[in-house]
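Asks: structure here, sequence nowhere to be found:
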């Protein structure tokens, strides 16, 4: 189960990394779906995360579970930071632009992907069968 979920994360993250390069997806000004301003650093981060997910899925269930826990914690924390401060740490925004006073609706929409992906990954990684030991 963990391997399948990790492979799903590979597919999702590879698709996210490709968004900037699909005709009609980035709007004028570079915003994807009018919300996310993804740059080459963001694309590289998503691609690296996706390759990590793929590698974990191919190696073992234990590696996949560890990926889900670590990835989930990192992305969920980034989403929570972005939601509360307007900037996250994975894209170094908290260091480069600092906290931002953005409308709550925008902060929710901008951070929802990391909250959802991170939250589900962490939940799936921590969820185990009764007779399955921690990684």
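Replies: Happy to help now that I have it. On a predicted model such as this, the values are computed, not experimentally measured, just so you know.
Asks: compute the first-to-last residue distance for stretch 49-69.
Replies: End-to-end distance for stretch 49-69, by CA to CA, to the nearest Å: 13 Å.
Asks: contacts for that stretch, please.
Replies: For stretch 49-69, contacts defined as CB atoms under 8 Å, 6 or more residues apart in numbering pick out 1-7, 9-14, 16-17, 71, 75, 121-122, 124-126, 128, 135. The way it works is simple: take the backbone N, C-alpha and C, and place the C-beta from them, glycine included.
Asks: what's the span of stretch 95-109, first residue to last?
Replies: The separation between the terminal residues of stretch 95-109, taken as CA to CA, is 21 Å.
Asks: please identify the buried residues of it?
Replies: Within stretch 95-109, the residues that count as buried by 16 or more other CB atoms under 10 Å are residue 107.
Asks: and that stretch, how far out from the chain's middle?
Replies: Taking CA atoms, centre = their mean, to the nearest Å, one finds the center of stretch 95-109 at 17 Å from the center of the full chain.
Asks: same question, stretch 104-112
Replies: Using CA atoms, centre = their mean, the offset of stretch 104-112 from its chain centre is 14 Å.
Asks: now swap in stretch 78-89 and tell me
Replies: Using CA atoms, centre = their mean, the mean C-alpha position of stretch 78-89 is found 13 Å from that of the whole chain.
Asks: so where is the chain shaky, pLDDT-wise?
Replies: In the predicted model, the chain carries pLDDT under 70 at residues 24-37, 129-135.
Asks: those strands in it, which residues are they?
Replies: With strands called from DSSP state E, the chain shows them at 31-32, 36-37.
Asks: dihedrals phi and psi, residue 103?
Replies: Main-chain dihedrals, residue 103, degrees, to the nearest 10: phi -60, psi 140.
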